[in-house]
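[1] Here's a sequence, model it:
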Amino acid sequence: MKIYKLRNWLVILSVFILASCLGDDDDDNTKTPDTTAQTTEIKVSPALGLIRNATVRLVLLANNTPIEGATGNTGESGVATIALSSAIDEPFIVEVIGGGSAEYFDEAKGTFLALPADATLRAVLGAFQSEVGVTTLTEIAATAILNTGATSTAAIELVNEQVRVALAPALTDITAPPQLIGANSGVTASSDQAGIYAVSLAALAQLGDSSSSPALAIVDALRADFLDLTIDGKVGDKVFESPLYNASNFISEYTSAIQAYAQQVGLTADLNTTFSLDNIKKTLEGLGDIFAGLDLGSLELDFVPGGLSSGSGGDSGGDNTGEGNTLTITGTSTVAGVTTEIPKITINNVPAPDPNDLETIKKQIEDSFVQQNLTVNDLVFELVSSSATEIVVSVRYSVTTQGVTVSSDLTYTWTLTGDDNNDVMLPEVLKGQAFELMFMLANNGSSYADGQKVKFTFSSSGMMFIDTDPDANNGDEMSLDGVMMEGSEYVYKDDGGFMYKVSVTATGIKEINLFTMENQLLGSFIAAGVTNLDLVTAKAGEYRVTGTGHTRGTVVIGSDGAIDFDTGITYAQSDITRIDDRTGPELEEPRIQVNYGQDDDGPVINLFLSQDRMQITSIQYRIRSEGVDVMVTVEGTVTGGGGG
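    Model prediction:
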């Protein structure tokens, strides 16, 4: 089976072709900040701990242009105050630069260490704020923002927020200033947000204590590790040669360090609640669109402590490098009604796209044009043909820039003669996601107990982490890579002679089935913790229905709580986010409400009941956010259930 992977060069080529049609217009597009009269200041508090005598400057994100005069120094206090004569009304970067007499207090070593000239700590802000913290967490977010090319305020704030949710859920904002700690003894941390932030940073530094500069080393390790959205000790298919932490036990190591340092600086009361320790995680969620165009294999990662080496599985490298493949681009471009044939472009050793996932490629091209401030019209991205030796894709679009519209009709042809290591890419519904499931025993022979709760976390590089006791908060017991495909299932094998077959739906996991190597089913991991599921399963059966907008004439409720409302409208039990019991005696319209989204505006199926609450009288399928509302009347049952 051949699986081909997308690379950023496809986007770059599309933009290059556009540029070649327009010619090289080298107008000065340097953006100047709004010069509306305003005198204000911004106070910058960088922290690893306290950082003194470091240079601070402000840089516009859109064009990486330093703002004139917007510089300062942290001095001995650790806080740089920068006076501004004009407003900053767009996203910008706060950079803290080492060198000279700059130094920082390293909580792991308990002393001040040099902040070298090649050390830069950054925070990216979507909007102006008068006080800013620049820390380990903001640098993790900044590395992601700058490498993915995110420029919008919404994207910046989303990345910052997800780093907060993962590593410091007790905070409200990672760009707020932390308490600055500059001594090893006689220090008391405040119990407010600033103190909580400072303790969290100190705890992270403890994880790097094997390094000569722990706090700096952990910054570099984590900002690289998070580039595939999961702390897994890898960047794509490249593994950390000398990891500072055990990725499988990262959460337990980090939370233990928080508790130890908190007690050292005088915070002792209910640390679990104060620091939201149970909510710390090692995945960045909801960032799939922002990270979609990130080519991990193209990044310069020489800053990673101990370096990287090729590993198994992942997003780049030996797993389908494209070596031997040839890409040929031909086609025409039309400007002002004149059509010309572009010179044929031939590129060797290029990976091909996945012919089953062209929508992802189309979206990346659209996003690249947005980042170039170009207006795209009528983008069409179609698979012409696909075989074991050749993939042909048609790309058509028109772009307007500088008042000129260019229409392109291009053909991309990959001749496939190169490396194919059967590399499997996880679907977006799994990448960077974690699922808590319950094991349902089918046959003896498994190490899992019936009803045992297990947490599965999937990295963007294809690894699956298994936490067999998530309530203990002691990290993962197992990490598996080398994912394979069997039909539509994603299969992992462990060293104990078991296979985990992951079945997915359009919105998440359907189930994970556990097999022996001889393919004997031992049990299934299914969605756990769905309150009131018994209300739905008690109504299992096939119902005859009538109503406008319903085509099949039947609705099926499965014994596991799955609901097949109509052709193309099916939800598995694992899709359920909430079940509301609205059958109380005071309600005139008793019903069971099954939610499949984050709130009532998302997909909902309502099972309306008779006054005695025994039979389903009607069923509603509703998505308020999309204006969908289909109500059907139950006329009777085909099998099981209670209707009519």
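
[2] Could you measure from Val59 over to Asp173?
    21 Å (CB to CB, to the nearest Å). The way it works is simple: take the backbone N, C-alpha and C, and place the C-beta from them, glycine included.

[3] can you list contacts of stretch 584-593?
    532, 535-536, 539, 579-583, 604-611, 613 (CB atoms under 8 Å, 6 or more residues apart in numbering).

[4] Determine how far the last residue of that stretch lies from the first.
    Stretch 584-593 has an end-to-end distance of 13 Å (CA to CA, to the nearest Å).

[5] now do stretch 412-430
    30 Å.

[6] And for Ser77, nearest residue in space, chain neighbours not counted?
    With CB to CB, 6 or more residues apart in numbering as the criterion, Ser77 has its nearest non-adjacent residue at 7.4 Å, and that residue is Arg52.

[7] for Asn606, same thing?
    Distances taken as CB to CB, 6+ apart put Gln620 closest to Asn606, at 4.2 Å, once the chain neighbours are dropped.

[8] so where does that neighbour fall, helix or strand?
    Assigned by DSSP states H and E, Gln620 falls within strand 616-623.

[9] ok, back up a step: weed out the non-buried ones from the contacts of stretch 584-593.
    Neighbour-count burial (16 or more other CB atoms under 10 Å) is assigned, among the contacts of stretch 584-593, to 532, 535-536, 539, 579-580, 582, 604-609.

[10] Just the ones of those in strands?
    If you go by DSSP state E, the buried ones among the contacts of stretch 584-593 have 579-580, 582, 604-609 in strands.

[11] and which of the residues you listed is nearest to Pro214?
    Ile579 (47.3 Å; CB to CB).

[12] Hmm, Thr537 and the closest one touching each other?
    No - in this structure Ile579 lies outside contact range of Thr537 using CB atoms under 8 Å: 10.4 Å.

[13] mind listing the helices for this protein?
    Along the chain, the stretches classed as helices by DSSP state H are 9-22, 136-148, 153-167, 193-207, 214-225, 250-264, 271-274, 288-291, 358-371, 533-537.

[14] who wins for proximity to Asp450 among these?
    The nearest among those, by CB to CB, is helix 533-537 at 16.8 Å.

[15] As CSV, could you dump the C-alpha coordinates of that closest one?
    This file holds the C-alpha atoms of helix 533-537, laid out as CSV (Å, rounded to 0.1, in the frame of the first residue of the first chain):
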residue,chain,number,x,y,z
LEU,A,533,-26.3,6.4,28.5
ASP,A,534,-28.7,3.8,29.9
LEU,A,535,-31.6,6.1,29.0
VAL,A,536,-30.7,5.8,25.4
THR,A,537,-29.8,2.1,25.3
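
[16] Please name the residues that touch Glu131.
    Glu131 neighbours (CB under 8 Å, 6+ apart): 42-43, 45, 176-177.

[17] same thing with Lys109?
    Counting by CB under 8 Å, 6+ apart, Lys109 has contacts 209, 213-214.

[18] Try it again at 6 Å.
    Residues near Lys109 by CB atoms under 6 Å, 6 or more residues apart in numbering: none.

[19] Look up the closest residue to Gln129, ignoring the ones flanking it.
    Thr175 (7.0 Å).

[20] That neighbour against Ala123, yeah?
    Yes - counting by CB atoms under 6 Å, Ala123 is a contact partner of Thr175 at 5.4 Å.

[21] list the residues that contact both of these two?
    Common contact partners of Thr175 and Ala123 (CB under 6 Å, 6+ apart): 132, 138.

[22] How about the residue positioned nearest the centre of the chain, nearest residue that isn't a chain neighbour?
    The residue lying closest to the centre of the chain (CA atoms, centre = their mean) is Leu287, at 3.5 Å. Leaving aside its sequence neighbours, Leu287 sits nearest to Gln162 (CB to CB, 6+ apart; 5.9 Å).

[23] same thing with Thr55?
    For Thr55, ignoring the flanking residues on the chain, the nearest one in space by CB to CB, 6+ apart is Ile97 at 4.5 Å.
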